[in-house]
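>>> Predicted coordinates and the sequence they were generated for:
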Amino acid sequence: MYTATVSGRGIIHLPAELRRKYRIRPGDKVDLRPVSDGIRLERVPTLEEAFGQYRQHGRNWARELLAEKRAELDRELGGPRRGRGR
Amino acid sequence: MVDAGVLSLYFGGDQRIRPFLQEIDRGTAEGLILDLCLAEFQYKVCQSVGRREAERDGKRIQESRLRVIRNSPFLDMAWRFKCRYRQRFSLVDCANLAVAQVNPSRLLTTDGAFDGLHEPRVSVRIFPVEARAGPVA
């Protein structure tokens, strides 16, 4: 349990131990999410940290998106496309 | 410029994509993504992982160096509809639905997929194209 003091401009100091534990560094963004009994603080992960985050889904999503685009174009053209050059 | 498929591959751990996004992350290259593509990616995350994760990933991308090119303020609602009605509506349909909900109105469409839709503040009138009821102007 940690206690922090709120300054006149709403600034609070995050204890070093928590910053270390949750890898919060200067310049990082944090989400403040109102929950039923208070405010939840979460660090917003960087793009680099997102790499491989959905290892089990990413390739399937890419395939599905491509299939959806092709199906949409097929509908516009009134049937399956031919001679796509692939 | 990246599309939703490439973003999916990156999140899926595809090493071919990583160097490009790293360059953008470091600021050595400029990266752009259309809000429509971001919405496509978010509904995929929402469908497979969850809405909260989709919101978080959207925020992460918006706060990264990847610049989101805004075309429609309604896409942030549209991906949520698409997440709910994956098989029923296209993302464009979902953007229409979002506009109709924000500006309570009647959605006039030729698309029978809207038949029986129950969404707050949205009513739908369908004009089937197969059976034309009146003169074409």
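That came in fine, so what should we check first? Residues are numbered from 1 along each chain as shown, chains lettered A, B, ... in the order given.
>>> pretty sure residue B:23 is in a strand, no?
No - the assignment for residue B:23, made by DSSP: H, G, I helix; E, B strand; the rest coil, is helix rather than a strand.
>>> For it, which non-adjacent residue is spatially closest?
Leaving aside its sequence neighbours, residue B:23 sits nearest to residue B:29 (Cβ to Cβ, 6 or more residues apart in numbering or on different chains; 3.9 Å). Every C-beta, even on glycine, is put in place using the N, C-alpha and C of the backbone.
>>> Count residues in the vicinity of the one you found, would you?
Using other Cβ atoms under 10 Å in any protein chain shown, residue B:29 is surrounded by 13 other residues.
>>> Over to it: give its phi and psi.
Its backbone dihedrals place residue B:29 at phi -140, psi 150, with angles given as degrees, to the nearest 10.
>>> tell me which residues in the helix or strand containing residue B:6 are buried?
With elements delineated by DSSP states H and E, residue B:6 resides in helix B:4-11, which encompasses its position. If you call a residue buried by 16 or more other Cβ atoms under 10 Å in any protein chain shown, then helix B:4-11 has these buried ones: B:4-11.
>>> same thing with stretch B:119-127?
By neighbour count, with 16+ other Cβ under 10 Å as the criterion, the buried positions of stretch B:119-127 are B:119, B:122, B:124, B:126.
>>> Residue A:32 contacts residue A:38, correct?
No - with contact defined as Cβ atoms under 8 Å, residue A:32 and residue A:38 do not form a contacting pair (10.4 Å).
>>> which among the buried residues of helix B:4-11 are in contact with chain A?
With respect to chain A, and counting by Cβ under 8 Å from any Cβ of the partner chain, the subset of the buried residues of helix B:4-11 in contact is B:4-6, B:8-11.
>>> I'd like those residues laid out as a markdown table, including pLDDT.
What follows is these, written out as a markdown table (pLDDT from 0 to 100):
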| residue | pLDDT |
| --- | --- |
| B:4 | 92 |
| B:5 | 90 |
| B:6 | 90 |
| B:8 | 94 |
| B:9 | 93 |
| B:10 | 94 |
| B:11 | 96 |
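>>> Would you list the phi and psi of the residue of chain B found nearest chain A?
At 1.4 Å from chain A, residue B:12 is the closest residue in chain B, using Cβ to the nearest Cβ. For residue B:12, the backbone dihedrals (degrees, to the nearest 10) come out as phi -80, psi 0.
>>> Then residue B:96?
Main-chain dihedrals, residue B:96, degrees, to the nearest 10: phi -60, psi -40.
>>> ok, it - contacts?
B:107, B:109 (Cβ atoms under 8 Å, 6 or more residues apart in numbering or on different chains).
>>> mind listing what's buried in the lowest-mean-pLDDT helix or strand in chain B?
Averaged element by element with mean pLDDT, DSSP states H and E, chain B has its least confident helix or strand at strand B:105-109 (a mean of 83). Going by neighbour count (16+ other Cβ under 10 Å), the buried part of strand B:105-109 is B:107, B:109.
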